[in-house]
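Trainee: quick one, fold the following:
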Amino acid sequence: MTFSDLGLAAPLLAALSEAGFTQPTQVQSDAIPAVLEGADLLVSSQTGSGKTAAFMLPSLQRLLEPASKAGKGPRILVLAPTRELALQVNEAATQYAAGVRRFTSATLVGGAPYAPQMRKLSRPLDLVVATPGRLIDHLEAGRIDFSRLEVLILDEADRMLDMGFLADIERIVGSTPAERQTLLFSATLDGVVGDLARRLTRSPRRIDVASTVAQKADIEQVLMYADDLSHKSRLLDALLRRDDMQQCVVFAATRQSTEDLREQLSASGFSVAALHGDMHQGQRNRTLDGMRAGRTRVLVATDVAARGIDVAGITHVINFDVPRQAEDYVHRIGRTGRAGRSGMAVTLLRHDEHYRARLIERYTGQPIRIDVIPGLEPRARASRPAGKPGSKPAGAWGAKRGNGWTGKPAGAWGGKQGAGWSDKPRGAWSDKPAGDWKAKPAGEWKPRPAGEWKPRPAGEWQARPAGERRDNRAGGRDGARGAAASHPRSGAPGTGFARRRQEA
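Mentor: Prediction:
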């Protein structure tokens, strides 16, 4: 199948040919005809599947016809979770719309100055790509009008919900025309995402693209175990000095971690930059421009950078901190192996985090190979049992030192004899001949006659008179909280606890 088989107009096909795109991906083949028919769409697909073209190409085809309503507001609105992804979507749309006359667009994202965005909103627009927070600012200030909106697209809806944008999304959707076409793209369509999708769409068609970026791209995946933070740092340094390392993204869990790693790597002589949510848009743009120009060799980033970074020269991704969600792992490693190139993804993890590796393997459907760097082997053995998918051959990790494991030959511990572990010969644990141990004949065990068991007469059980009951609440009868005279376990006269202890 080719793009011309999908029903796209000639100006869009020419732009695709100019960009070098010849064959649609699975999600494009399934989604484009459905969008051209005007259907609402729910699409489950991963980063790297070609979803941007899947929703943008058929939406742009609407712009070849005059708008049904007059006004300045956009005809197409795309909501994206991060600034980088919003900028990437707008860049792709501009490329696909090369044959669309007088095409205009605006990117509304946080961290960027308001004035240029306000100037664009004061003129007629075809497309707006925005993050929810900044769009709400413009909407509440009355600077944007959705009266002529035709298509609403939610890109990576699951990620937006994870970032707490549910209320903003509902506020934005409530300001759009009810007759709009809605396209929702997400890694998963379950749970909260599914609930949102049902509220926003009308009789939607559903498309599930099960393949992941790890399966489609040529990405070698590796696990390396680290004993502690210091060991992790030494592994990172060694990986970044590999001969095949051209450019690398190192993922950390927090903004502070990215800055700490940046300072550490900079002191070690690496050309490094950081990328996280505390940076304003100008800094983020300069950082990414440095990566694309090759001035920066190592980018240390939080998960905010896992979506929207498209730098062909990235050869390696290193997960210094293991991602909390398997979906985030797929987005992270998708930063390498792009544009037909091969890449490597290395995940560093402590031994108590081995369960996360198994969750990732289950999610991607691929085993991840365990590897070591000579001279930097972990003291502990890998947590994965020998013979499991992705494990190294038995013995490749070496013997564990320091915590009880030694290189003692198998069998040197002795076999288990009797009730304990020993090298003693069998039978040396007891002088008693085996025949002296005999079971008691069954007839010698007799139940006690029923008549010998008699319940105590009911009259012998008497409640203590009310006046003799002790008040065990805080303060008791004495009024002092925790007083020895009133505490049931204090050992005071009358309680009996201390006396019984002494007698025992």
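Trainee: sketch out the low-pLDDT regions of the protein for me.
Mentor: Residues of the chain meeting the criterion pLDDT under 70: 46-48, 210-217, 305-308, 339-340, 381-504.
Trainee: so who does the residue most central in space within it touch?
Mentor: The centroid of the chain falls nearest to residue 325 when counting by Cα atoms, centre = their mean (2.1 Å). Not one residue lies near residue 325 by Cβ atoms under 8 Å, 6 or more residues apart in numbering. Bear in mind the C-beta positions are built from the backbone N, C-alpha and C, glycine included.
Trainee: list phi and psi for it.
Mentor: Per-residue torsions, residue 325: phi -120, psi 140 (degrees, to the nearest 10).
Trainee: any idea how far residue 113 is from it?
Mentor: Taking Cβ to Cβ, to the nearest Å as the measure, residue 325 falls 33 Å from residue 113.
Trainee: for residue 150, same thing?
Mentor: Going from residue 150 to residue 113 by Cβ to Cβ gives 29 Å.
Trainee: the two: who's more crowded?
Mentor: The neighbour count for residue 150 versus residue 113, taken as other Cβ atoms under 10 Å, is higher for residue 150 (20 against 10).
Trainee: contact partners for that one?
Mentor: Residue 150 is in contact with 62, 67-68, 75-76, 180-181, counting by Cβ under 8 Å, 6+ apart.
Trainee: try 7 Å
Mentor: 62, 75-76, 180-181 (Cβ atoms under 7 Å, 6 or more residues apart in numbering).
Trainee: between the residues you listed, which has the most around it?
Mentor: When neighbours are taken as other Cβ under 10 Å, the top entry among those is residue 76 (24 neighbours).
Trainee: that residue reaches residue 58, doesn't it?
Mentor: No - judged on Cβ atoms under 7 Å, residue 76 makes no contact with residue 58 at a distance of 10.5 Å.
Trainee: what's near enough to touch residue 111?
Mentor: 83, 280-281, 284.
Trainee: who's in contact with residue 357?
Mentor: Contacts for residue 357 (Cβ under 7 Å, 6+ apart) come out as 223, 349, 368.
Trainee: which strand or helix spans it?
Mentor: Take DSSP states H and E as the rule and residue 357 turns out to sit in helix 354-364.
Trainee: go on, residue 95?
Mentor: helix 83-96.
Trainee: contacting residues around that helix?
Mentor: Under the contact criterion Cβ under 7 Å, 6+ apart, helix 83-96 has outside partners 12, 15, 19, 52-53, 56-57, 60, 78, 80, 105, 107, 109-111, 127, 129-131, 155-156, 281, 284, 305, 307-310.
Trainee: pull out the buried members of those.
Mentor: The neighbour-count test (16 or more other Cβ atoms under 10 Å) marks 12, 15, 52-53, 56-57, 60, 78, 80, 105, 107, 109-111, 127, 129-131, 155-156, 281, 284, 305, 307-310 as buried among the contacts of helix 83-96.
Trainee: inside strands: which ones of these?
Mentor: Among these, the members found in strands (DSSP state E) are 78, 105, 107, 127, 129-130.
Trainee: so residue 317, which state does it fall into?
Mentor: Three-state call for residue 317 (DSSP: H, G, I helix; E, B strand; the rest coil): strand.
Trainee: I'd say it and residue 334 touch.
Mentor: No - using Cβ under 7 Å, residue 317 makes no contact with residue 334, being 8.4 Å away.
Trainee: quick revisit: among the contacts of residue 150, which lie within strands?
Mentor: The strands, defined by DSSP E, take in 76, 181 from those.
Trainee: residues near the closest residue to residue 60 other than its chain neighbours, how many?
Mentor: Spatially, and ignoring its direct neighbours in sequence, residue 60 is nearest to residue 97 (5.2 Å; Cβ to Cβ, 6 or more residues apart in numbering). Residue 97 has 23 neighbouring residues, counting by other Cβ under 10 Å.
Trainee: and if you look at residue 237?
Mentor: With other Cβ under 10 Å as criterion, residue 237 counts 15.
Trainee: hang on, it is in a helix, isn't it?
Mentor: Yes - residue state for residue 237 (three-state DSSP) corresponds to a helix.
Trainee: quick one: contacts for it?
Mentor: Residue 237 is in contact with residue 268, counting by Cβ under 7 Å, 6+ apart.
Trainee: if I look at it, how far off is residue 144?
Mentor: Going from residue 237 to residue 144 by Cβ to Cβ gives 48 Å.
Trainee: ok, now residue 327?
Mentor: Residue 327 is 31 Å from residue 144, where distance means Cβ to Cβ.
Trainee: tell me which residues of the helix or strand that contains residue 259 are tucked away?
Mentor: Using DSSP H and E, residue 259 sits within helix 255-267. Buried residues in helix 255-267, defined by neighbour count with 16+ other Cβ under 10 Å: 255, 257-258, 261-262, 265.
Trainee: quick one: contacts of that helix?
Mentor: By Cβ under 7 Å, 6+ apart, helix 255-267 touches 233, 250, 252, 272-274, 276-278, 298, 300-302, 320-321.
Trainee: okay, now the nearest residue to residue 327 once chain neighbours are set aside: neighbour count?
Mentor: The shortest distance from residue 327 to any non-neighbouring residue, by Cβ to Cβ, 6+ apart, is to residue 187 (4.9 Å). For residue 187, the neighbour count with other Cβ under 10 Å is 21.
Trainee: my read: residue 187 touches residue 157, true?
Mentor: No - judged on Cβ under 7 Å, residue 187 makes no contact with residue 157 at a distance of 8.9 Å.
Trainee: isn't residue 1 up against residue 24?
Mentor: Yes - when contacts are counted by Cβ under 7 Å, residue 1 is listed as touching residue 24 (6.3 Å).
Trainee: those two: who's more crowded?
Mentor: Using other Cβ under 10 Å, the more surrounded residue of residue 1 and residue 24 is residue 24, with 22 against 10.
Trainee: for the nearest residue to that one once chain neighbours are set aside, give me its contacts.
Mentor: Counting by Cβ to Cβ, 6+ apart, the nearest residue to residue 24 once its immediate chain neighbours are dropped is residue 3, at 5.7 Å. Neighbour list for residue 3: 13, 16, 21, 24 [criterion: Cβ under 7 Å, 6+ apart].
Trainee: redo that, cut-off 6 Å
Mentor: Contacts for residue 3 (Cβ atoms under 6 Å, 6 or more residues apart in numbering) come out as 13, 16, 24.
Trainee: same question for residue 336.
Mentor: Applying Cβ under 6 Å, 6+ apart, one finds that residue 336 lies in contact with 314, 317, 343.
Trainee: in stretch 223-243, what's buried?
Mentor: 223-226, 231-233, 235-236, 239-240.
Trainee: one more: stretch 165-184?
Mentor: Buried residues in stretch 165-184, counted by 16+ other Cβ under 10 Å: 165-166, 168-169, 172-173, 176, 180-184.
Trainee: mind putting the residues you listed in CSV, distance to residue 87 and secondary structure included?
Mentor: As requested, these are arranged in CSV below (distance: Cβ to Cβ, whole Å; DSSP: H, G, I helix; E, B strand; the rest coil):
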residue, distance to residue 87, secondary structure
165, 18, coil
166, 23, helix
168, 19, helix
169, 20, helix
172, 19, helix
173, 23, helix
176, 23, coil
180, 24, coil
181, 24, strand
182, 23, strand
183, 20, strand
184, 21, strand
